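>>> Model the following, please.
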Amino acid sequence: MTTSLNDARPVGWPTAPSRGTGLLLAGDIGGTKTALAVFSAERGPRAPLLQAEFSSGKYASLGVMVRQFLAGTDVRIGRACFDVAGPVMAGRANVTNLSWLLTEAELAAELQIPSVHLLNDLEAIAVATSVLEPHDLHTLNPGEPLAGGSLAVIAPGTGLGEAFLTWDGTRYRAFPSEGGHADFAPTTEQQVGLLSYLRRRFDHVSVERVCSGPGLFNIYRYLRESGDAPESAELAGALAAAEDGPRLIGEAAFRPAPDPLSRAAIELFVSILGAEAGNLALKVLATGGVYLAGGIPSRILPALGDGRFMRAFVAKGRLGAVLTRVPVYVVALRAALLGAALRGLELAAAHPD
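Numbering: from 1, shown residues only. The predicted structure is shown next:
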């Protein structure tokens with residue numbers, strides 16, 4: 001039984017599992033939203049016993065959030081595994097876009113959980129690719145996948161995450177990356193103008209500044225100020241009062257009568273995402289496939305599938321022909337939580353209590 005909640009105490013906990021031991025608490029910790037869930041080895045990583053989503057910024061710490069999530073369940077957690085939107089080093093992580101400092105040891109002590117494991121959120125998504133099924137994916141380019149070829153993951157959401165997997169002869173192994181913080185490399189005159197505009201606002205213009213939720217808002221502002229398309233008074237008012245401006249821009253872009261400025265922003269965003277996905281595919285030689293994950297791709301599928309993304313993806317000069325053979329997929333589920341659950345259950349099996 002799964003219960004989906006929004007900042008409320010979980011209800012509907014099944015009686016028998018609530019008294020069980022050896023259960024796994026998994027979490028996908030993002031700058032905007034955090035998903036928490038409880039899993040058992042018997043049901044596996046695709047069948048949470050309980051699940052809830054929370055607004056990350058409303059909580060002083062992960063510990064406070066977890067205690068609310070488990071309040072009233074009388075559950076005994078044997079292990080926890082959290083993926084984090086930010087680099088994880090030596091069991092320690094600062095959550096990018098959120099003022100939380102997490103350490104495995106301190107979380108274990110605070111939550112009274114014997115074992116806590118942290119991993120990067122893109123590493124978790126990469127782990128999840130090993131169990132994705134056809135219905136979890138939307139194909140942008142079928143390509144010609146090579147058995148054992150490297151895989152790449154790129155995930156625009158609150159930030160821009162990147163990761164990759166390599167085949168070691170028996171299985172794929174996932175590796176995190178902070179490639180989203182590498183330099184933005186414009187490929188057109190319009191994008192050169194965008195870079196110049198953002199350099200007046202930021203000391204460093206990373207790909208994340210233009211290829212994320214806040215990045216979409218940056219593109220929108222640039223196109224508005226450069227006069228590429230007029231801004232509607234209605235949308236301007238809504239954006240001024242909105243907590244989630246990128247979501248409003250996306251919705252306006254896909255109306256039956258699209259807002260011209262929003263649509264132009266989405267189209268430029270898609271071209272930049274395609275180019276960066278192609279860059280990542282070249283860097284890790286992702287002949288096994290490229291996976292688009294995160295909160296944004298599944299919400300802009302019509303724009304990703306109109307050819308603009310793939311044109312930017314393969315526009316790599318002499319290596320363009322190589323990229324035409326790379327499969328490209330959009331992941332249509334919350335893969336990071338699945339990956340955190342899978343990693344946690346694997347660790348539990350390898351190191352049973």
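>>> Please make it C-alpha for all contacts and neighbour counts, starting now.
Fine.
>>> shouldn't residue 30 be in contact with residue 84?
Yes: using C-alpha atoms under 8 Å, residue 30 is in contact with residue 84, at 6.5 Å.
>>> any residues in contact with both of the two?
Among the neighbours of residue 30, those also in contact with residue 84 (C-alpha atoms under 8 Å, 6 or more residues apart in numbering) are residue 95.
>>> what residues does stretch 225-243 touch?
Residues from elsewhere that reach stretch 225-243 (C-alpha under 8 Å, 6+ apart): 223-224, 245, 248, 259-261, 264.
>>> Who wins on neighbours among those?
Neighbour counts for the contacts of stretch 225-243 (other C-alpha atoms under 10 Å) peak at residue 261, which has 24 neighbours.
>>> And the next helix or strand past the helix or strand hosting that one?
In the assignment (DSSP states H and E), residue 261 maps to helix 260-284. Next helix or strand after helix 260-284 toward the C-terminus (DSSP H and E): strand 289-292.
>>> Show me what the helix holding residue 261 is packed against.
Helix 260-284 sits against strand 151-156, helix 213-225, helix 245-253, helix 301-304, helix 308-314, helix 320-324, with contacts defined as 3 or more C-alpha pairs under 8 Å, 6 or more residues apart in numbering; DSSP states H and E.
>>> So which bits of the second one are buried?
Neighbour counts using 16 or more other C-alpha atoms under 10 Å place 213-224 of helix 213-225 among the buried residues.
>>> Next: the fourth one.
Within helix 301-304, the residues scored as buried using 16+ other C-alpha under 10 Å are 303-304.
>>> How about the last one?
Within helix 320-324, the residues scored as buried using 16+ other C-alpha under 10 Å are 320, 322-324.
>>> quick one: terminal-to-terminal distance for stretch 85-102?
11 Å (C-alpha to C-alpha, to the nearest Å).
>>> Which residues does it contact?
29-31, 56-57, 60-62, 84, 103-105, 117-122, 158-159, 161, 177-178.
>>> go on, stretch 32-43?
Contact partners of stretch 32-43, identified using C-alpha under 8 Å, 6+ apart, comprise 22-29, 45, 47-57, 66, 69, 158, 337, 341, 345.
>>> Give the full set of residues in contact with the most centrally placed residue in the chain.
Nearest to the mean C-alpha position of the chain, by C-alpha atoms, centre = their mean, lies residue 294 at 2.9 Å. With contact taken as C-alpha under 8 Å, 6+ apart, residue 294 is in contact with 154-157, 334.
>>> where along this protein do the strands fall?
Per DSSP state E, the chain carries strands over the ranges 23-29, 33-39, 50-55, 77-84, 88-89, 92-94, 101-103, 116-120, 137-141, 151-156, 160-167, 172-177, 289-292, 328-331.
>>> Any chance of CSV for these, columns mean neighbour count, mean pLDDT and distance to residue 252?
Listed next are those as CSV, based on neighbours: other C-alpha atoms under 10 Å; pLDDT from 0 to 100; distance: least, C-alpha to C-alpha, whole Å:
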stretch, mean neighbour count, mean pLDDT, distance to residue 252
strand 23-29, 28, 96, 28
strand 33-39, 22, 94, 22
strand 50-55, 21, 94, 23
strand 77-84, 25, 95, 30
strand 88-89, 16, 91, 36
strand 92-94, 18, 88, 34
strand 101-103, 17, 93, 36
strand 116-120, 25, 94, 32
strand 137-141, 18, 97, 23
strand 151-156, 28, 96, 19
strand 160-167, 24, 94, 22
strand 172-177, 19, 90, 33
strand 289-292, 26, 97, 22
strand 328-331, 24, 97, 22
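>>> Tell me which of those strands sits nearest to residue 273.
With C-alpha to C-alpha as the measure, strand 151-156 is the member of these nearest residue 273 (8.3 Å).
>>> sorry, back to before: quick one: the residue nearest to the centre of the chain and residue 162, what's the gap?
Noted for residue 294: a distance of 10 Å to residue 162, by C-alpha to C-alpha.
>>> Ok, residue 172 next?
According to C-alpha to C-alpha, residue 172 and residue 162 sit 16 Å apart.
>>> re the thing from before, what residues are shared contacts of residue 294 and residue 162?
Contacts common to residue 294 and residue 162, judged by C-alpha under 8 Å, 6+ apart, are 154-155.
>>> List the contacts of residue 348.
Contacts of residue 348 by C-alpha under 8 Å, 6+ apart are residue 79.
>>> Mind pulling up the pLDDT for it?
Residue 348 is assigned 90 on the pLDDT scale.
>>> and it, how far is that from residue 235?
For residue 348, the distance to residue 235 (C-alpha to C-alpha) stands at 50 Å.
>>> How about residue 111?
According to C-alpha to C-alpha, residue 111 stands 44 Å off from residue 235.
>>> residues in contact with residue 259?
Residue 259 is in contact with 232, 252-253, counting by C-alpha under 8 Å, 6+ apart.
>>> okay, these in TSV with neighbour count and distance to residue 36 next?
Output for the contacts of residue 259, formatted as TSV (neighbours: other C-alpha atoms under 10 Å; distance: C-alpha to C-alpha, whole Å):
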residue	neighbour count	distance to residue 36
232	13	39
252	19	31
253	22	31
